[in-house]
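*Asks:* Here is my input; please provide its structure:
(2 chains)
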Amino acid sequence: MTAEIEAAVIGILARQALLPEAAVPPDARMEEIGLDSLGMAEALFALEERFDISIPFNANAPDAAQFDMTSVQSVVQAVERLIAQKAA
Amino acid sequence: MRRVVITGAGTVNALARDVAGTVAAFRAGACGIGRLDVRDVERLSVRVGAAVANWPPEDLFDPAVAPLYDRFTQFAVAAGREAMRDAGLEGALGPRAGCIMGSAAGGIGTWEDSYRAVFADGRNRVSPLVVPRLMHNAAASHLSMLHGLQGPVFTVASACASSNHAMGLAMQLIRGGAADVIVTGGSEAMLCFGGIKAWEGLRVLSPDACRPFSADRTGMVMGEGAAVLVFEAEDHARARGAKVLAEVAGFGMTSDAGDIVAPSVDGAARAMRAALEDAGMAVGDVGYVNAHGTGTAANDRTETAALRQVFGDRVPPVSSTKAMHGHAIGATGAIEVIACLMALNEAVLPPTIGYRQPDPDCAIDVVANVARPAQVEAVLSNAFAFGGLNAVLALRRCE
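*Replies:* From the prediction side, this is the model:
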C-alpha cells in the first residue's frame, strides 16, 4: 500500500509541477518541487479524488495543519493515516 | 472637470438592513459572522459565513416583479431604495442619470436552483425567468427601471474589486460629463451551496472567524449583501440643495499582469498611488485606510507591504471591516464605503475585530477590536481582486 501511495503522490506532485516523475524522489522536500499555492491546492484535490479522502489543509495556517506537507514522505504518511482513518 | 460627490447611501448586509444599523454595528464592533443555514450545508466543510438574516423577499418586494429578482437583485433593489430616499431623489431621473453596479457572481443562486432542477431532480424544464434573473446586469437594470435611470447602465465584474471598479467608473463618467447622477455600488449573493463549495477548493476559507492582520488568522469568511451609493456632480447636487456625504476625490486602478490568484505588492501600491494622484492628495492627508484585509496570509502580508511602500513609516490607521460584514466579494467595496463615510462624517474609525495577536509581517495600526475616535479629512478604500485587479477609491470630507 505504501508503495502505491508513494507512487501516486509522486505522480500527482510531478504533474502539477510539470516535472518528470524521476525529478521528484521520495525524499524530496516540498520547496524543492516548486509548487505555487494554486498548484498545491490542485495537488491536494487530486489526492482527495484519488484516495477518496478529505485532507484538512488551510493555506492560511500551513504550520498548524494536521496535514504535514514538508516533504513527499510526510505527504505519503499523512495520506496513509487518512486512508486508515477512513477504514476505521 | 466636474467634482463628484456622494449624496445618498443604502445597504443590506449581515450586520443590518440599512445604513444606520450598519454604522451602529461598526461603532460597536459587532460581528455578522455565524453558522450558515444553506441547503445541503452538511456537505460543506466550511459552515460559517456572514449571511443576511431575516430576509423574507415576499414581504419586501412588489409581487408583480419579485419573481424576476435573484437574491443579488433583491439586495441591490433594497439598498437602492434606501440610497435614493437618502439622496432626496424621487421619481424618474431620466437620460442624465445612470447605474453602474459591481457583482462577481451575479445570479448564482438562480444558476444553482436551475441546475438542481434539471441535473439532480431530472426535470425537463426551468422557469422562463431564469435568464433575466441570473444575468449579471439584472440588478443594475432593475434599479434603472425603478428609478428611471436612462443614461449609462451596466454591470462590472472584476471579482472582489467589482464594486470599486463600478464606483470608479461612475465617478469618471460624471467627471467626463456623460451623466449628472449615477447610482452605483455592488451586490452579491454567493452564500449558496455551489458558491461556498467553489471557494472551499481554494483552501483559503476560515473554519471559524475572520481575523485580518492577526498572526493567528485562519482565512477569509464569505459574506453577502449590497451597498448602493448615489454619485452626483457637485454642481448638480448643490443646485438642488442636496446633503453631501463626501467627495469622491480620486480613483486608481491597476493590473498585476502576474498571477491569477496570488496578490502583488507592486500592483496594490501602484493603485493606491494612482488614487492619491488622481485626488490631488498627499500621503499625509490620508487619515484612514479601509483595507482589502481578507484575513488570508497572502493578502494581509502583501497589503501591509504595499501600504509601507506608499506611506513609508507613516502608515495611517488601517482597518478591515470584513471581520464584521464578511467578504461580500463583488459587493464588499461598496459596503466598505459606508465604513469610510462613518470615518469621515462621524469622526470614528471602524475597528478590525477578531484581532488577537500581532503579526510581525503586518506591523501596522489596525484599530484593533474597538472603534476609535479620530478626525479624518481623507480616506482610501482598497480592493484587490483575484486575477490581479486592483481598484482604490480616495474619498474626502465635505463641509
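
*Asks:* Can you name the next helix or strand after the worst-scoring helix or strand of chain B on mean pLDDT?
*Replies:* Taking mean pLDDT, DSSP states H and E as the measure, the helices and strands of chain B show their lowest mean at helix B:57-60, namely a mean of 94. Helices and strands here follow DSSP states H and E; after helix B:57-60, the next one along the chain is helix B:71-87.

*Asks:* Residue nearest the middle of chain A, spatially speaking?
*Replies:* Residue closest to the mean C-alpha point of chain A, counted by CA atoms, centre = their mean, is residue A:75 at 4.4 Å.

*Asks:* by contact count, what packs against the helix or strand that contains that one?
*Replies:* Using DSSP H and E, the secondary-structure element containing residue A:75 is helix A:72-87. Here helix A:72-87 is seen to pack against helix A:2-17, helix A:30-33, helix A:37-51 when contacts are counted using 3 or more CB pairs under 8 Å, 6 or more residues apart in numbering or on different chains; DSSP states H and E. The C-beta positions use only the backbone N, C-alpha and C, and glycine is treated the same way.

*Asks:* Any idea how far that helix is from the middle of the chain?
*Replies:* 9 Å (CA atoms, centre = their mean, to the nearest Å).

*Asks:* quick one: average confidence on that helix?
*Replies:* The predicted model assigns helix A:72-87 a mean pLDDT of 92.

*Asks:* What parts of chain A come near chain B?
*Replies:* Selection of chain A residues close to chain B by CB under 8 Å from any CB of the partner chain yields A:36-38, A:41, A:44-45, A:54, A:57-61.

*Asks:* can I get these in a markdown table with neighbour count and pLDDT?
*Replies:* Formatted as a markdown table, the residues of chain A next to chain B follow (neighbours: other CB atoms under 10 Å in any protein chain shown; pLDDT from 0 to 100):
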| residue | neighbour count | pLDDT |
| --- | --- | --- |
| A:36 | 13 | 85 |
| A:37 | 18 | 84 |
| A:38 | 16 | 89 |
| A:41 | 19 | 90 |
| A:44 | 22 | 93 |
| A:45 | 16 | 94 |
| A:54 | 12 | 92 |
| A:57 | 18 | 85 |
| A:58 | 20 | 86 |
| A:59 | 20 | 82 |
| A:60 | 23 | 83 |
| A:61 | 15 | 78 |
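
*Asks:* Now do the helices in the stretch 251-399 of chain B.
*Replies:* Assigned by DSSP state H, counting those that start in this stretch, the helices in the stretch 251-399 of chain B fall at B:265-279, B:297-311, B:322-325, B:332-346.

*Asks:* Could you find the closest non-adjacent residue to the residue nearest to the centre of chain A?
*Replies:* What sits nearest to residue A:75 in space, not counting adjacent residues and going by CB to CB, 6 or more residues apart in numbering or on different chains, is residue A:9, at 5.3 Å.

*Asks:* dump the residue contacts of the one you found.
*Replies:* Counting by CB atoms under 8 Å, 6 or more residues apart in numbering or on different chains, residue A:9 makes contact with A:47, A:72, A:75-76, A:79.

*Asks:* May I ask which of those has the most neighbours?
*Replies:* Within those, residue A:75 tops the neighbour count with 24 neighbours, counted by other CB atoms under 10 Å in any protein chain shown.

*Asks:* what sits against residue 67?
*Replies:* Looking at chain A here, since you left the chain open. If a contact means CB under 8 Å, 6+ apart, then residue A:67 has A:55-57, A:75, A:78 as its contacts.

*Asks:* that's the wrong chain, I wanted chain B
*Replies:* Contacts of residue B:67 were listed using CB under 8 Å, 6+ apart, and they are B:127, B:129.

*Asks:* ok, the residue nearest to the centre of chain A touching residue A:69?
*Replies:* Yes: with contact defined as CB atoms under 8 Å, residue A:75 and residue A:69 form a contacting pair (5.9 Å).

*Asks:* quick one: common contacting residues for these two?
*Replies:* If you check residue A:75 and residue A:69 against CB under 8 Å, 6+ apart, the residues they both contact are residue A:30.

*Asks:* Tell me how many other residues crowd whatever residue of chain B ends up closest to chain A.
*Replies:* Residue of chain B nearest chain A, by CB to the nearest CB: residue B:219 (4.2 Å). Each residue near residue B:219 was counted by other CB under 10 Å, and the total is 27.

*Asks:* just residue B:301 next, same as before
*Replies:* Using other CB under 10 Å as the criterion, residue B:301 is surrounded by 16 other residues.

*Asks:* Just list the residues touching it, thanks.
*Replies:* Residue B:301 is in contact with B:359, B:361-362, counting by CB under 8 Å, 6+ apart.

*Asks:* go again using 6 Å as the cut-off
*Replies:* Contact criterion CB atoms under 6 Å, 6 or more residues apart in numbering or on different chains gives residue B:361 as the residues in contact with residue B:301.

*Asks:* for the one 10 residues further on, same thing?
*Replies:* Residue B:311 makes contacts with residue B:283, as judged by CB under 6 Å, 6+ apart.

*Asks:* Kindly report the same for residue A:83.
*Replies:* With CB under 6 Å, 6+ apart as the criterion, the residues that contact residue A:83 are residue A:51.

*Asks:* thought residue B:159 was touching residue B:105?
*Replies:* No: taking contact to mean CB atoms under 6 Å, the distance of 9.1 Å between residue B:159 and residue B:105 leaves them out of contact.

*Asks:* Looking at the two, which is more packed in?
*Replies:* Neighbours were counted for residue B:159 and for residue B:105 using other CB under 10 Å; residue B:105 has more, 24 against 20.

*Asks:* sec struct for that one, please.
*Replies:* Under the three-state scheme (DSSP: H, G, I helix; E, B strand; the rest coil), residue B:105 adopts coil.

*Asks:* correct me, but it touches residue B:190?
*Replies:* Yes: with the criterion set as CB under 6 Å, residue B:105 and residue B:190 qualify as a contacting pair; they are 4.6 Å apart.

*Asks:* follow-up on the earlier one: buried sites along the least confident helix or strand of chain B?
*Replies:* Along helix B:57-60, these residues count as buried under the neighbour rule (16 or more other CB atoms under 10 Å in any protein chain shown): residue B:57.
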